[in-house]
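# Provide a 3D model corresponding to the input given below.
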Amino acid sequence: MTKATTLTPVLGTRADLDRLSDDELLVRFRALPKDSHERSVACEILVARYERLVRGCVRQYRGSPEPVEDLMQVGYVGLLKAINNYDPELGNSLSAYAAPCVSGEIKRHFRDKRWQVHVRRSAQELLLELRKATENLTHSLGRAPNDAELIERLGCTADDLLEARQADLVFSAYSLDAPLSDRDDPAMLSDVLGDEDADMEHALDMEAVSTHWAELPEREQRILVMLFYGNLTQAEIGTKLGISQMHVSRLLARALSHLRSRLLDIPDTLAS
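Got it, this is the predicted structure:
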C-alpha cells in the first residue's frame, strides 16, 4: 500500500493568487518548487504588498549620498530573504519579521560596501542613528538640535558624537579629476592639492636623529658634523683628528649604524 502524495492545487491566474491573504500566500509559496512560475508570481505579489515597508526603512537614510533607488534595491534583497525564511506556522506577522531584515540589509550595505575609508562599525552605526535623530529632533523642535540634545537622544558621549561626524567625512570620496566648477575649462581637484614638502620631511628626520644624538661618543659626533656639514673628506677628517682614514671610516660606519638601528628599531649589527 503506497502513501498518498498531497499535491498543491494549481490556481488559475495571478488574480487567484492576489486574493489570498499574506499567510495563505506564504504557505503556498513555501510548498511550491523553487523553479515554479506560480512561486515567482506569489513572490512578486508579496514584494509589491510590502513595498511601503521597504520605503519606510529607506526613508531614515535620506540624508546619505546614496541614491534612494539604490537603497530600495538593497531593501528588496532583505525583503526577499525575509519572504524565503519566514514560516507562517511559527510567526504571526511577516511585517514584523521583515522590517529588521530589510533594515539589517541596508545597514550591511553601508557598513561593507559604501565606506571609502575603513571606519569602526560602532561609528558607522552611530552615524546612521545620528542622521535619524537629527531629522526627528529638527521636526519636533522646529530647529536644528544642538550637541547636548543629540547626545541625550542617542545616549552617547561627546567623543562618540565627534567620531560619528568624522566618519561622515569619509563616507564618500571625491575623484582627483573632479572639476571645481561648471565652467568650460574648470580646474581639477588635483590642481589645488599641495605636494609633499621635502623640507618638512627633512626637518622630521633631523628631529628624530637629534633624539639619539647624545648617545654617540663626542668624537663620532664631530666626524658626522665635519662630514655632512663641513663637507670634508674622510682623509681630511683624519688629519684634523690625528687618526687614519681607515679609523675614520670605521667610526663613521659605527655611528651611522647606531643611529639607523635606533630610528628603524633594528639590531645594531655593526656596533655590536
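
# low-confidence regions, this protein specifically.
1-12, 63-65, 91, 111-121, 167-202, 265-272 (pLDDT under 70).

# and if we set it to 80?
Scanning the chain with the threshold set as pLDDT under 80 gives 1-13, 60-66, 88-92, 108-125, 127-128, 166-206, 208, 263-272.

# show me where it has its helices.
Here the chain has its helices, by DSSP state H, at 14-18, 22-31, 37-49, 51-59, 68-85, 94-109, 121-141, 147-154, 158-169, 198-213, 218-228, 234-241, 245-264.

# now the last one against helix 218-228, angle please.
If you take axes from the mean of the first three to the mean of the last three C-alpha atoms, to 10 degrees, helix 245-264 sits at 90 degrees to helix 218-228.

# how about the fifth one?
Computed with the same axes, to 10 degrees, the direction of helix 68-85 lies at 130 degrees from that of helix 218-228.

# also the fourth one?
Computed with the same axes, to 10 degrees, the direction of helix 51-59 lies at 100 degrees from that of helix 218-228.

# next, the buried residues of helix 51-59.
By neighbour count on 16 or more other C-beta atoms under 10 Å, the buried set for helix 51-59 is 53-54, 57-58. Every residue, glycine included, has its C-beta placed from N, CA and C.

# same question for stretch 222-235.
By neighbour count on 16+ other C-beta under 10 Å, the buried set for stretch 222-235 is 222-224, 226-227, 232, 234.

# distance from the chain centre to it, please.
Remark: stretch 222-235 is offset 50 Å from the chain centroid, using C-alpha atoms, centre = their mean, to the nearest Å.

# and the end-to-end length of it?
Start-to-end span of stretch 222-235 (C-alpha to C-alpha, to the nearest Å) is 14 Å.

# also stretch 33-40?
Using C-alpha to C-alpha, one end of stretch 33-40 lies 10 Å from the other.

# circling back to that earlier point, and which of the buried residues of stretch 222-235 is nearest residue 94?
Checking these against residue 94 by C-beta to C-beta gives residue 224 as the nearest, at 77.2 Å.

# how much space separates that closest one from residue 62?
Residue 224 sits at a distance of 63 Å from residue 62 (criterion: C-beta to C-beta, to the nearest Å).

# check residue 216 too.
If you go by C-beta to C-beta, the gap between residue 216 and residue 62 works out to 63 Å.

# between the two, which one's more packed in?
Set side by side, residue 216 and residue 62 show unequal neighbour counts under other C-beta atoms under 10 Å, the larger going to residue 216 at 18 against 12.

# enumerate every residue touching the spatially closest residue to that one that is not a sequence neighbour.
Nearest non-adjacent residue to residue 216, counting by C-beta to C-beta, 6 or more residues apart in numbering: residue 255, 5.4 Å away. Residue 255 sits next to 216, 220-221, 223-224 when contact means C-beta atoms under 8 Å, 6 or more residues apart in numbering.
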